[in-house]
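Undergrad: Here's a sequence, model it:
(2 chains)
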Amino acid sequence: MLAQARGVYQSPEDFLQEVFAHRPPPAKVIWLTGEKKQKATEILGHKPDYLRVRYWADENRSAWILEEIGKTEPITVGLVIVEGKIKRLRVLAFRESRGDEVRHDFFTRQFDDVGLKENNRLDRHIDGITGATLSVRALTKLARLALYLDSLRQPQTAAPS
Amino acid sequence: MRKPGFSSLAALTLGSALTTAPLLASAADSDELKNEIEALKAQNKVIMERLEATAEMIESSDKGGHGHDAMAKNKRSTHHTGSGRTTVGGYGELHYTNLSGEGGASDKKEMDFHRAVLFVGHEFTDKIRFFMEWDLEHASEMELEQAFLEFDIGANTAVSTGVLLLPFGIINETHEPPTFYGVERNPIETYIIPSTWREGGAAVAGKFGKGWGYDVFLTSGMRLDAANGYLVRKGRQFGGEALANDLAGSGRIKWNGLAGLELSVSYLYQADGGQGLDPQLGKTSLISSHVSYATGGFQLRAVYASWNIDGDGPASTGADQQTGWYIEPSYKFNPKVGIFARYNTWDNQAGSSSGSAADTEKTQYNLGANYWPIPDVVLKLDLQQQDNANGENRNGFLMGVGYQF
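TA: Numbering: from 1, shown residues only, chains lettered A, B, ... in the order given. Purely as a prediction, here's the structure:
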């Protein structure tokens, strides 16, 4: 069966059900204030037009559902992060006319086990797709943003003892 | 045993009062504190609810219904109502050219805001959208670069109609300045694939398998003529009052099923490239192919294109064959700096019947660098050296600045 070129490939709810074996934990929220907003702005290349980011986490992993515009339309991406590394990146919805190749496994698996360097850049190069420059850039930004936000929650998960 | 006297009772009572009063007061205070804490908790809950609601409202209104909350947005997009969404963008580039002519070629020293483009997209529904680009060329000529409606007719298939970009080469469809090396577009995708090449018509585009795509176009076609030496760049009609005596059919199949790789082959056929106005002009066809491969900082682009134009008219000048190719390796050291080299060769009079094909071939070498202070803004510098068969060369350097948003 062919995956459709444009549309919703998987709903965010289904993504979370899959990640957390049908028992997703309650959502938590990170508010983008102060330095967090500044860092998010640096990563996205523009001010985030949202005030907070929702995520889901258990003791092993965190899951993020983020959006960024490619050329004119938002691309919805689901990410799973374990110990500061991306374990899964999946395009959940793609609405642009061009550049949908980023939804394929051959592209998204480049993000497997990718982490952040000190300057909030990915620690591995992501090969692009001709004609899909903006879509590739959008996914790369979201990967960086999710990893950065995940790093903010680390002290919280490590705190109980 | 002596009964306790009044004074003793008084003392006892006073003592008890003194010891229990603080306890009673403390209990009262504790209850009061508990009540206050509960009230504050309730108040805090209300404030948090109002804060969430405010954030939700701000995020929704900021994005015209596409708030940050991907889950909420996802639900909204599947219940699309109202008049849809409109997006705006653009790109442009300023060039400084400093070329010296030799062998009879003139100098070219020029400052040119080559193009300033604005585009508007509007999504009527999830399946019907409109896209339009205005191009102000050389700070004076307004052109319609694209204007089309697109309809999704299946999960993998869309139909477009309007003024469309034809599916040839790399630059014709993706030409925002930060996306390519070199101040000017390469000569092959200027003189052989005459970008920006657009015509009025309709197209079907589809995807299949992993990374396969196809396009089929029916457009107004070329209008080549002797007065312009049958040059293909002069044969574009741009979709405005275009002669449609003989339509052109074209198609492309491409594959980019491997990260960083794109392979593509395109073909155009028109039964009469002169729209029936030139009896010395016949069927016209173009075949082109390109490869683009990028891995790490390295990128390689190569494009080949060749026209075959039947008829005694073009044959008499050698314009019955117009062909060219280039190869461009580049290396990006980091997200801000990249260098490239390009070998270009082309000939708009390559037809053997002219008897002078060797004299019209052009060869150009480019070497340069791009600097991206941010991904959407680029500064460019490149050197140009020509080695044209007729000895008329323009050599020198070009500088440019480009942007997209």
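Undergrad: Can you identify the element that follows the longest strand seen in chain B toward the C-terminus?
TA: As assigned by DSSP state E, the longest strand anywhere in chain B is strand B:85-102. For strand B:85-102, the succeeding helix or strand toward the C-terminus, using DSSP states H and E, is strand B:108-123.
Undergrad: what comes up buried for that next one?
TA: B:114-123 (16 or more other CB atoms under 10 Å in any protein chain shown). Quick note: C-beta positions are derived from backbone N, CA and C, even for glycine.
Undergrad: check those residues against chain A, which are close?
TA: B:121, B:123 (CB under 8 Å from any CB of the partner chain).
Undergrad: and which of the buried residues of strand B:108-123 is nearest to residue B:101?
TA: For the buried residues of strand B:108-123, the residue nearest residue B:101 by CB to CB is residue B:114; the value is 20.2 Å.
Undergrad: before we move on, what SS does the residue nearest to residue B:119 when sequence neighbours are not counted have?
TA: Once flanking residues are discounted, residue B:119 sits nearest to residue B:133: 4.2 Å by CB to CB, 6 or more residues apart in numbering or on different chains. Per DSSP: H, G, I helix; E, B strand; the rest coil, the secondary structure class of residue B:133 is strand.
Undergrad: re the thing from before, which of the buried residues of strand B:108-123 lies closest to chain A?
TA: Lowest distance from chain A to the buried residues of strand B:108-123 (CB to the nearest CB) belongs to residue B:121, with 4.6 Å.
Undergrad: Settle this for me: the closest one is touching residue B:128, isn't it.
TA: No - using CB atoms under 8 Å, residue B:121 is not in contact with residue B:128; the gap is 11.9 Å.
Undergrad: show me what contacts the nearest residue to residue B:270 once chain neighbours are set aside?
TA: Of all residues not flanking residue B:270 in the chain, residue B:248 sits nearest, at 3.9 Å (CB to CB, 6+ apart). Going by CB atoms under 8 Å, 6 or more residues apart in numbering or on different chains, residue B:248 touches B:199, B:217-222, B:268-270, B:284.
Undergrad: What residues does the residue nearest the centre of chain B make contact with?
TA: For chain B, the residue nearest the mean C-alpha position is residue B:174 (5.3 Å; CA atoms, centre = their mean). By CB under 8 Å, 6+ apart, the contact list for residue B:174 reads A:130-131, A:133, B:180.
Undergrad: will you turn those into JSON lines that also has secondary structure and neighbour count?
TA: Formatted as JSON lines, the contacts of residue B:174 follow (DSSP: H, G, I helix; E, B strand; the rest coil; neighbours: other CB atoms under 10 Å in any protein chain shown):
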{"residue": "A:130", "secondary structure": "coil", "neighbour count": "24"}
{"residue": "A:131", "secondary structure": "coil", "neighbour count": "21"}
{"residue": "A:133", "secondary structure": "helix", "neighbour count": "21"}
{"residue": "B:180", "secondary structure": "coil", "neighbour count": "22"}
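Undergrad: got a markdown table for those residues, with distance to residue B:101 and pLDDT too?
TA: Formatted as a markdown table, the contacts of residue B:174 follow (distance: CB to CB, whole Å; pLDDT from 0 to 100):
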| residue | distance to residue B:101 | pLDDT |
| --- | --- | --- |
| A:130 | 35 | 80 |
| A:131 | 36 | 79 |
| A:133 | 36 | 86 |
| B:180 | 26 | 96 |
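Undergrad: of those, closest to residue B:157?
TA: Using CB to CB, the contacts of residue B:174 come closest to residue B:157 at residue A:131, 18.2 Å.
Undergrad: you'd agree that closest one is up against residue A:97?
TA: No - using CB under 8 Å, residue A:131 is not in contact with residue A:97; the gap is 11.0 Å.
Undergrad: Contacts for stretch A:83-92 next, please.
TA: Identification of contacts with stretch A:83-92 by CB under 8 Å, 6+ apart yields A:8-12, A:15, A:19, A:61, A:65, A:75-81, A:102-103, A:108, A:111-116, A:139, A:143, A:146-147, A:150-151, A:154, B:70, B:74.
Undergrad: 7 Å instead, please
TA: Contacts to stretch A:83-92, defined as CB atoms under 7 Å, 6 or more residues apart in numbering or on different chains, come from residues A:8-10, A:12, A:15, A:61, A:75-81, A:102-103, A:108, A:111-115, A:143, A:147, A:150-151.
Undergrad: which residues of chain A fall in strands?
TA: A:7-8, A:27-31, A:52-57, A:62-69, A:74-82, A:85-94.
Undergrad: Export these to a markdown table and append columns for mean neighbour count and distance to residue B:212.
TA: Listed next are the strands of chain A as a markdown table, based on neighbours: other CB atoms under 10 Å in any protein chain shown; distance: least, CB to CB, whole Å:
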| stretch | mean neighbour count | distance to residue B:212 |
| --- | --- | --- |
| strand A:7-8 | 17 | 18 |
| strand A:27-31 | 14 | 38 |
| strand A:52-57 | 20 | 35 |
| strand A:62-69 | 24 | 26 |
| strand A:74-82 | 24 | 21 |
| strand A:85-94 | 21 | 17 |
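Undergrad: want to throw those into CSV with mean pLDDT and distance to residue B:318?
TA: Listed next are the strands of chain A as CSV, based on pLDDT from 0 to 100; distance: least, CB to CB, whole Å:
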stretch, mean pLDDT, distance to residue B:318
strand A:7-8, 82, 50
strand A:27-31, 92, 67
strand A:52-57, 94, 63
strand A:62-69, 95, 48
strand A:74-82, 96, 49
strand A:85-94, 96, 47
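Undergrad: out of these, nearest to residue B:369?
TA: Proximity to residue B:369 (CB to CB) singles out strand A:62-69 among the strands of chain A, at 28.7 Å.
Undergrad: Please see if the closest one touches chain B.
TA: Yes - using CB under 7 Å from any CB of the partner chain, we find that strand A:62-69 touches chain B at A:65-67.
Undergrad: if we can go back for a sec, tell me which residues form a beta bridge with the residue nearest to residue B:119?
TA: residue B:119, residue B:146 (DSSP bridges).
Undergrad: Tell me the pLDDT of it.
TA: With respect to pLDDT, residue B:133 has a value of 96.
Undergrad: what is residue A:31 paired to in the beta sheet?
TA: Counting by DSSP bridges, residue A:31 forms beta bridges with residue A:52.
Undergrad: Pull out the buried positions in stretch B:216-231.
TA: When burial is assessed from 16+ other CB under 10 Å, stretch B:216-231 yields the following buried residues: B:216-226, B:230-231.
Undergrad: Same question for stretch A:30-46.
TA: Under 16+ other CB under 10 Å, the buried positions of stretch A:30-46 are A:30, A:32, A:36, A:39-40, A:43-44.
Undergrad: what does stretch B:279-290 give?
TA: Going by neighbour count (16+ other CB under 10 Å), the buried part of stretch B:279-290 is B:281-282, B:284-290.
Undergrad: Stretch B:147-161 too?
TA: Buried residues in stretch B:147-161 (16+ other CB under 10 Å): B:147-150, B:152, B:156-160.
Undergrad: of all those residues, which comes closest to residue B:211?
TA: Nearest to residue B:211 among these, with distances taken as CB to CB, is residue B:156, at 12.5 Å.
Undergrad: my guess is that closest one contacts residue B:207, does it?
TA: Yes - look at residue B:156 against residue B:207 with CB atoms under 7 Å: they come within range, at 4.7 Å.
Undergrad: Run through chain A and note the low-pLDDT ranges.
TA: Within chain A, the stretches with pLDDT under 70 are A:1-5, A:154-161.
Undergrad: In it, which residue sits closest to chain B?
TA: residue A:50 (2.7 Å).
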